[in-house]
Structures are given as structure tokens and as C-alpha cells.
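*Asks:* What follows is a protein structure lacking sequence information:
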């Protein structure tokens, strides 16, 4: 009888620990996603400023600027899912990257203190987003590992926890910059 | 910023008059010291023989005599080297620092503030004794920087109530302005646990480290192997430790043969290099013209001041003015 009670006690303690660690990991993912959201929003706030400041100079890139504005309004719509947000963010990063590259061709822009300050703020937001993504990926990996690894996988199955997607680098970001193209614009 | 070879040239060419003068003083002190040493040894032998005849060699008084002679020897040595060390710092180290950057201030007797070492969160014991020297302060390419030799100790009491002193940190402590804004605390320590106990148990031990913030796993395998990172904000820690920054820290660690401690607190980077010795001190027993000796002075200074460029602290890509 006593032995049975001890075993029951140990099993309960292990189960509670596993349960708590899984919940902890799940909350960490949500917590860091909130951080990702905050820095994404910071970038959204900078975009209208940038677009208005550079629009008068960059006649040829009108379509890119319009695309950026459009992506921003899409991403800021209430009620879109986390996965959609991640996908929109990747597109936005690519579009902003092409603006930065195009800016190189306008000496007037580089002389404009205001635009340069915006550019630095955007760089900062960019690095914060990249940091937040890496933090999110690590938290998601921790959670996914726990969901798939024995013995927490049994508990996770019972709790109905789902694997989450990590941020992926878009293919345009992964490609090396083609210097030849840059000079032939 | 000058290269190491330019500085070595400067050391041998520009400083040659001072070097040869100091070198003469050094050989003079050394011969005096040998003479005193011989006299001391003779005196000690006589004292020992006298003790042996009257009380026996194992008498407690013998211990007193040994300690007395040792204290006398170290006092003589310190007294004799004092003026030489002072001249060395005034005529060699001061111009050498001036050659690296004329805007740097150097004070041989001053030490970096104890408050900065405590603020860095690198070492957790409280500091009971704090000393140091060779303080340098200034700005390199618009980045303010200060460093000095530091010896921080804490004390414990053993079972008999005797006080014991332990070294918490001895080496070079550098504080510089960081080029990004941050509010959190990120501490990078040499990875001892993982090295000793392997990945699984070591990793578990790290996460159980009392008094530290939570462990932050980073995505650079080489960096992870060498260091463990504690921090109170996983996003900001990665904002500071970009892939490029982690690579630079690994590169810097490869260049120096001592344990490296780095922390990011209060918009500043704190770097502690545990050399375990007092730097920029002249050695009485090696020639000042010795190439290895010269390289040590030049390299230590150049690597420390060069940290600003090495870690690209002067890069102003962000909104921090």
C-alpha cells in the first residue's frame, strides 16, 4: 500500500513538473511574440514618415513605395493571424530593402539629414525585429522540442499543444546581392 | 589608430634615449639587488645556524625568522624598484599611449571606479578590497572609453575564524560606450560548466545558476561553445548580440590567451580580461630592449584601445547620437 502511495506521489510530481514546464514554454512563445509585435509596430510607425520624405525624390520607385504602404495597412488590420503577420512582415522587409538600395542612387536623399535619421531609425527597427525573430525562433524551438520529445510529448498530446512555425528568411533575403545589377540601374 | 608594427617602431626609435637610460638604471638596480641578496642569504644562514645551536631548527621562533627575512627582502625589492617603475611609466608608457592616440589621458596611480565593476554584474561576490593602477581615459573615434588594471578581492572566514582573502578578479577592466540603446542586462561569461560537464549536464547546471538571470541560448554554435549568456530580456540580448557581434567577440577571445568576461549594462559595454597579473609594470629581470617584453606592452595597449574598432563600437548606423 505504502509503496503504491509513494509511486503515485512521484508520478504526480513528475506530471505536474512536466505540465508546468510545457505551459511555461508556451507562454514564453506568446510573450516573445508580443515583443515581436511591438518592434513590428515600431517599424510600421516609421514607414509613413519615410514614404512621404522620399516620395518627392524617388519618382521611379513609386510602385515600390505604394507597395510598402499597402503592405503596412494589410499588416496593421486587426484580427489577422500570427502566421499571416509573419508572412506580411517578410514581404515588407524585402520591399524596404529594395528602397534602401534604390536610395543609394539619389545623392540628394543622402544629403537630407531628416531622411538619414529615418534611415537610421529603420536600421534600428530592422535589427530589433531580427533580434525578436531570433528570440521567437528559439522559444518556438524549445516548445517544439518539448512537444516532440519523450516523455513530455505524451503530456503535450494530452494537453493538445500544437507545434508552432518559426520565422523563415525569405528567398530574396537569402540571395546574395547582385552587385552587377546594382550598378546597371 | 596605429598598427602594432608602427608602434613597435615607435618604441624602439623614438623611445630609444629613454629606454637606454632606464636600461642602465635597471642593470644598476639588478647588480645592487644581487649584492643585497647575497648579504641577506649569508645573514640568514648565520641566523639559522645560531638558532639550530641554541633552540633547534624546528623551534617556533625559526618560523618568525623565515617570515622576517622574506618580509625584509620584499620590502627592499619594492623600495628599490619604486623609482624605476615610476620612471618607466612616465617615460615609456605615457608616450606610448600618446602615440596610439594623443587625446587619451593616462594616470599611473589612478584606478577605474569600483562602482563600474559592480555595475557590470560580471562578478557576483561582494568586493571587500579593491585596488589597481594605470588608468586610461579618453575617446576613440567618438566612443568614450576607460580602462585600468584592477585587483578585486573578497574575504571569507574559515572554521577557526581566520580571515582569508580570495581574488575575485585580477586583470584589465575596460568600460566603453555602446552604440545601441538598451535597457536590459546581458552578461557573457566563459562557459566553464559546458566545457567540464558536457552539453547535457553542463547546460542544465547553467540554467540552475543561482543569482543569475535566465540563460539565453544563442544561434551561433562557436559562440555558444565558448560562452554562456545570462540576461533579463531575450530580445534585447539578441539585439545587442547580432551574428556579427558574436563573431567579433569570438575573434577577440581567440586573440587573447586569458578568460574573457563581457557585459552590457546601462548603454555601456564592460569587458574584463582576467590576465591574473599587474600589467604595464616593468620587469627587473628582463631587458627593456627585449622584443617579447616590448611586444607585450605594445600589444596590450593596442588590443585594448583597438577594441573600439574590433567590436565596431564606432559604427553609427542606429539612432543613438
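*Replies:* Nice, thanks for sending it over. Values in this document were obtained by computation on a predicted structure and should not be read as measured data.
*Asks:* ok, which residues in chain A are in contact with chain B?
*Replies:* A:32, A:35-36, A:39, A:117, A:120-121, A:123-124, A:127-128, A:130-132, A:134-135, A:137-139, A:142 (C-beta under 8 Å from any C-beta of the partner chain). Where C-beta positions appear, they are placed from N, C-alpha and C, glycine not excepted.
*Asks:* Give me the buried subset of those.
*Replies:* For the residues of chain A next to chain B, a burial check counting by 16 or more other C-beta atoms under 10 Å in any protein chain shown picks out A:32, A:35-36, A:39, A:120-121, A:124, A:127-128, A:130-132, A:134-135, A:137-139, A:142.
*Asks:* how about the helices of the chain, start to end?
*Replies:* Unless you meant another one, I'm taking chain A. According to DSSP state H, chain A carries its helices in the segments A:2-55, A:62-75, A:82-103, A:107-111, A:113-148, A:152-159, A:171-174, A:179-183.
*Asks:* Wait, chain B was what I had in mind.
*Replies:* Counting by DSSP H, chain B has helices at residues B:4-13, B:16-54, B:60-88, B:94-100, B:114-119, B:192-207, B:221-226, B:234-240, B:243-255, B:291-305, B:307-310.
*Asks:* Can you tell me which of these is packed in deepest?
*Replies:* Comparing the helices of chain B on average neighbours per residue, with mean count of other C-beta atoms under 10 Å in any protein chain shown, the densest one is helix B:234-240 at a mean of 25.
*Asks:* if we look at it, which residues are touching it?
*Replies:* Applying C-beta atoms under 8 Å, 6 or more residues apart in numbering or on different chains, the external contacts of helix B:234-240 come out as A:32, A:35-36, A:39, A:127-128, A:130-132, A:134-135, A:138-139, B:178, B:180, B:182-184, B:186, B:214, B:216, B:218, B:229, B:231, B:264.
*Asks:* again, 6 Å this time
*Replies:* With C-beta atoms under 6 Å, 6 or more residues apart in numbering or on different chains as the contact definition, helix B:234-240 has outside contacts at A:35, A:128, A:131-132, A:134-135, B:182, B:184, B:186, B:216, B:231, B:264.
*Asks:* nearest to residue B:295, of the helices of chain A?
*Replies:* Closest to residue B:295 of these, according to C-beta to C-beta: helix A:113-148, at 37.5 Å.
*Asks:* Export the contacts of helix B:234-240 to a markdown table and append columns for distance to residue B:287.
*Replies:* Below are the contacts of helix B:234-240 laid out as a markdown table (distance: C-beta to C-beta, whole Å):
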| residue | distance to residue B:287 |
| --- | --- |
| A:35 | 58 |
| A:128 | 54 |
| A:131 | 51 |
| A:132 | 56 |
| A:134 | 52 |
| A:135 | 54 |
| B:182 | 47 |
| B:184 | 49 |
| B:186 | 44 |
| B:216 | 48 |
| B:231 | 47 |
| B:264 | 41 |
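*Asks:* for the chain, which spans come out with low pLDDT?
*Replies:* No chain in the question, so chain A it is. Where chain A drops to pLDDT under 70, the residues are A:168-185.
*Asks:* wrong chain, I was asking about chain B
*Replies:* B:1, B:195, B:198-200, B:203, B:321.
*Asks:* Nearest the geometric middle of it, what residue?
*Replies:* Central residue of chain B (C-alpha atoms, centre = their mean): residue B:171, 1.7 Å from the mean position.
*Asks:* With chain A instead?
*Replies:* Taking C-alpha atoms, centre = their mean, chain A has its central residue at residue A:133, 4.4 Å away.
*Asks:* will you turn the helices of chain B into a markdown table that also has distance to residue A:14?
*Replies:* Shown next, in a markdown table, are the helices of chain B (distance: least, C-beta to C-beta, whole Å):
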| stretch | distance to residue A:14 |
| --- | --- |
| helix B:4-13 | 59 |
| helix B:16-54 | 68 |
| helix B:60-88 | 59 |
| helix B:94-100 | 60 |
| helix B:114-119 | 41 |
| helix B:192-207 | 16 |
| helix B:221-226 | 29 |
| helix B:234-240 | 27 |
| helix B:243-255 | 36 |
| helix B:291-305 | 51 |
| helix B:307-310 | 48 |
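*Asks:* out of these, nearest to residue B:285?
*Replies:* It is, among the helices of chain B and with distance given as C-beta to C-beta, helix B:16-54, at 7.5 Å.
*Asks:* tell me what the closest one is packed against?
*Replies:* In terms of contacts (3 or more C-beta pairs under 6 Å, 6 or more residues apart in numbering or on different chains; DSSP states H and E), helix B:16-54 is packed against helix B:60-88.
*Asks:* any idea how far the helix it packs on is from the chain center?
*Replies:* Centroid separation for helix B:60-88 versus its chain: 24 Å, with C-alpha atoms, centre = their mean, to the nearest Å.
*Asks:* helices or strands up against it?
*Replies:* Using 3+ C-beta pairs under 6 Å, 6+ apart, helix B:60-88 sits against helix B:16-54.
*Asks:* Off-centre distance for the helix it packs on?
*Replies:* 29 Å.
*Asks:* Could you quantify the relative orientation of that helix and helix B:291-305 as an angle?
*Replies:* Angle, helix B:16-54 to helix B:291-305, by axes from the mean of the first three to the mean of the last three C-alpha atoms, to 10 degrees: 110 degrees.
*Asks:* what residues does chain B put near chain A?
*Replies:* Proximity of chain B to chain A, by C-beta under 6 Å from any C-beta of the partner chain, involves residues B:217, B:219, B:234-235, B:238-239, B:317-319.
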